[in-house]
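J.: only geometry, no sequence info:
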């Protein structure tokens, strides 16, 4: 049975007052006007203040916020903007929203939220006056003194299907405290020359997955395209620090010819994933592309081919591959964005991104030192930043592995790793980075593997988590499972710029299994991408020595290695392998002796 995921959130429920009456009077006009308000006002207000739209219910929206101040700010801004917009509409045709907010624990399942907190928010919304907002006592206590608004106590309300009375407050504000754009009408109801206000992009990366176009000429295939998009959104939503727009919002653009920069502006996202499906004669092709919505530049494009014999298995494979491929592309674009910013007054997240750039695929001693400094500043700015603690552990661990570290790095990296998993909650990056730090720096591979497996339960499509799981399985001697993890990582994204880590990683369990030819093959592939990585050179040397092949190349490689690293010895190598089981360490030691390395 899967572990139930819960989290604390501010839940926002919004709906239209008198929607049935409006539809009865003017169905097409009401639908068009509501759709315009959703695109131009509701979604931008929510995303601008850090909200995530969970679902749209036709005449309403359910959203979650990590901040109660953000939730209430978004609603006051929305209601004030709607009041301005409605001044130019006949009273009988006005779209008027009412809203409720509650702070509580929710159950997270797929891309949806459940629980008492959701029900209370919805019932508060039903009690709110037209154009108004009701909040629970929990919200009132969280925002009191932190927002420009007054709260009128309504006492304890008995809400439908809620077992206990809920103390509620009506939110009141002064228009002067919440200035909005002077333009009243949504863009779709204005002349093209009238500029629209655009939401600011959140500090963290944000993405919307547009409806994939069905090019099959068969309307019944629409379900497959929608299913792929829904799976992609659900899986992306598990990635920390990535805000993902709900399908209800991104599907407002379905079937429309749109400008990607306009869509990005209206939804308040930096990235868009667009795509199409084509099915003919039992064969399937899915094409997709990742777009920078701020510039319209295409960051990546690919296509996936298969057959429809096992449609749901194929859908899962395609979804996994797309998500695993685009995630590092988004992160690299975010790192480039952070590096282009001025260096003063940086937020914790920007410091974190800059540190990732310093660690990079090919770090130097200087860049790692700088990464440690940046990450220390990031966690000082935000002591709850789990991913930053995980990357700090990784930086210390990398310094030790490259021979640039000391016992102090081991100690500090282990402490950072423990903090990463303690603070991680449902953050897979913090879990797998902390887990590998606990395994390698703390010498606790079983404990570290448990954290990495938690990360994979949250996001099973992370090549990095799979690689770390493979590495730690190898430490504890579970070599078959180690190989499976590395093979899965390579299958998910064969073009990953860190694919050499999978090649190097799989070479080690192959060696311990006595498959020396395979160990050499994978080590050689890794060295073709990263030629000077010392650990991979050692695996190749060990495989040659045990197989008794290529004696001349073995001798030359050992001489080159000793010239490049004169202080290297079997004893120092064994210290780096302290977390491996003794039988595997002895086999590797035997191979290095055969190769001629000094004791």
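T.: Cool, the structure landed. Please read these numbers as outputs of a predicted model, since none were measured by experiment.
J.: just give me the neighbour total for the closest residue to residue 516 other than its chain neighbours.
T.: Of all residues not flanking residue 516 in the chain, residue 547 sits nearest, at 4.1 Å (C-beta to C-beta, 6 or more residues apart in numbering). To be clear about C-beta, it is placed using only N, CA and C from the backbone, and glycine gets the same treatment. Residues lying near residue 547 (other C-beta atoms under 10 Å) number 16.
J.: and residue 547, what is it in contact with?
T.: Residues in contact with residue 547 (C-beta atoms under 8 Å, 6 or more residues apart in numbering) are 516-517, 520.
J.: show me where the stretch 1-150 of the chain has helices.
T.: Using DSSP state H, counting those that start in this stretch, the helices found in the stretch 1-150 of the chain span residues 19-25, 27-37, 43-48, 68-86, 116-127, 137-143.
J.: nearest to residue 92, out of those helices?
T.: Among the helices of the stretch 1-150 of the chain, helix 19-25 comes nearest to residue 92, with 7.1 Å by C-beta to C-beta.
J.: which parts of this protein are strands?
T.: 5-16, 51-56, 60-65, 97-109, 112-114, 133-136, 150-157, 166-172, 206-209, 213-214, 243-244, 271-280, 283-292, 298-307 (DSSP state E).
J.: can you tell me the strand partners of the third one and which way each runs?
T.: Sheet neighbours of strand 60-65, with direction, are listed as strand 5-16 (antiparallel), strand 51-56 (antiparallel) (DSSP bridges).
J.: need those in a markdown table (columns: distance to residue 231 and mean pLDDT).
T.: As requested, the strands paired with strand 60-65 are exported to a markdown table (distance: least, C-beta to C-beta, whole Å; pLDDT from 0 to 100):
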| stretch | distance to residue 231 | mean pLDDT |
| --- | --- | --- |
| strand 5-16 | 17 | 84 |
| strand 51-56 | 16 | 80 |
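J.: rewinding a little: now, of the contacts of residue 547, which are buried?
T.: Neighbour-count burial within the contacts of residue 547 applies to 516, 520; the criterion is 16 or more other C-beta atoms under 10 Å.
J.: in a markdown table, list the contacts of residue 547 along with pLDDT and distance to residue 93.
T.: Below are the contacts of residue 547 laid out as a markdown table (pLDDT from 0 to 100; distance: C-beta to C-beta, whole Å):
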| residue | pLDDT | distance to residue 93 |
| --- | --- | --- |
| 516 | 90 | 78 |
| 517 | 90 | 77 |
| 520 | 91 | 75 |
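J.: so what's residue 134 up against?
T.: Shown in contact with residue 134 (C-beta under 8 Å, 6+ apart): 99-101, 124-125, 127-128, 154, 168-171.
J.: only whichever of those are buried, select them in ChimeraX.
T.: Restricted to buried positions by 16+ other C-beta under 10 Å, the ChimeraX selection for those reads:
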select :99,100,101,124,125,127,128,168,169,170,171
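J.: closest one of the contacts of residue 134 to residue 455?
T.: Residue 455 has its nearest neighbour among those in residue 101, at 31.8 Å by C-beta to C-beta.
J.: which residues touch the residue lying closest to the closest one once chain neighbours are set aside?
T.: Once flanking residues are discounted, residue 101 sits nearest to residue 135: 4.6 Å by C-beta to C-beta, 6+ apart. The contact partners of residue 135, by C-beta under 8 Å, 6+ apart, come to 72, 100-102, 124, 143, 151, 168-169, 171.
J.: any chance of those in JSON lines, plus pLDDT and distance to residue 23?
T.: Shown next, in JSON lines, are the contacts of residue 135 (pLDDT from 0 to 100; distance: C-beta to C-beta, whole Å):
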{"residue": "72", "pLDDT": "91", "distance to residue 23": "29"}
{"residue": "100", "pLDDT": "94", "distance to residue 23": "22"}
{"residue": "101", "pLDDT": "93", "distance to residue 23": "26"}
{"residue": "102", "pLDDT": "91", "distance to residue 23": "28"}
{"residue": "124", "pLDDT": "92", "distance to residue 23": "24"}
{"residue": "143", "pLDDT": "83", "distance to residue 23": "34"}
{"residue": "151", "pLDDT": "91", "distance to residue 23": "33"}
{"residue": "168", "pLDDT": "90", "distance to residue 23": "29"}
{"residue": "169", "pLDDT": "93", "distance to residue 23": "31"}
{"residue": "171", "pLDDT": "92", "distance to residue 23": "28"}
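J.: distance to residue 401 added to these, as JSON lines?
T.: Conversion of the contacts of residue 135 to JSON lines gives the following (distance: C-beta to C-beta, whole Å):
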{"residue": "72", "distance to residue 401": "48"}
{"residue": "100", "distance to residue 401": "53"}
{"residue": "101", "distance to residue 401": "48"}
{"residue": "102", "distance to residue 401": "48"}
{"residue": "124", "distance to residue 401": "54"}
{"residue": "143", "distance to residue 401": "47"}
{"residue": "151", "distance to residue 401": "55"}
{"residue": "168", "distance to residue 401": "57"}
{"residue": "169", "distance to residue 401": "56"}
{"residue": "171", "distance to residue 401": "54"}
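J.: closest to residue 377 among those residues?
T.: For these, the residue nearest residue 377 by C-beta to C-beta is residue 143; the value is 29.4 Å.
J.: wait, the closest one sits on residue 69?
T.: Yes: judged on C-beta atoms under 8 Å, residue 143 makes contact with residue 69 at a distance of 5.4 Å.
J.: those two: which has the busier surroundings?
T.: Neighbours per residue, other C-beta under 10 Å: of residue 143 and residue 69, the larger number sits with residue 143, 24 against 16.
J.: which stretches of the stretch 351-500 of the chain have low pLDDT?
T.: 493-497 (pLDDT under 70).
J.: and the helices in it, which stretches?
T.: Assigned by DSSP H, counting those that start in this stretch, the helices in the stretch 351-500 of the chain fall at 365-381, 386-401, 407-423, 428-440, 445-458, 463-475, 479-492, 499-512.
J.: a markdown table for those, including mean neighbour count and distance to residue 579?
T.: Shown next, in a markdown table, are these (neighbours: other C-beta atoms under 10 Å; distance: least, C-beta to C-beta, whole Å):
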| stretch | mean neighbour count | distance to residue 579 |
| --- | --- | --- |
| helix 365-381 | 19 | 21 |
| helix 386-401 | 26 | 11 |
| helix 407-423 | 20 | 11 |
| helix 428-440 | 29 | 6 |
| helix 445-458 | 21 | 5 |
| helix 463-475 | 26 | 5 |
| helix 479-492 | 20 | 13 |
| helix 499-512 | 25 | 12 |
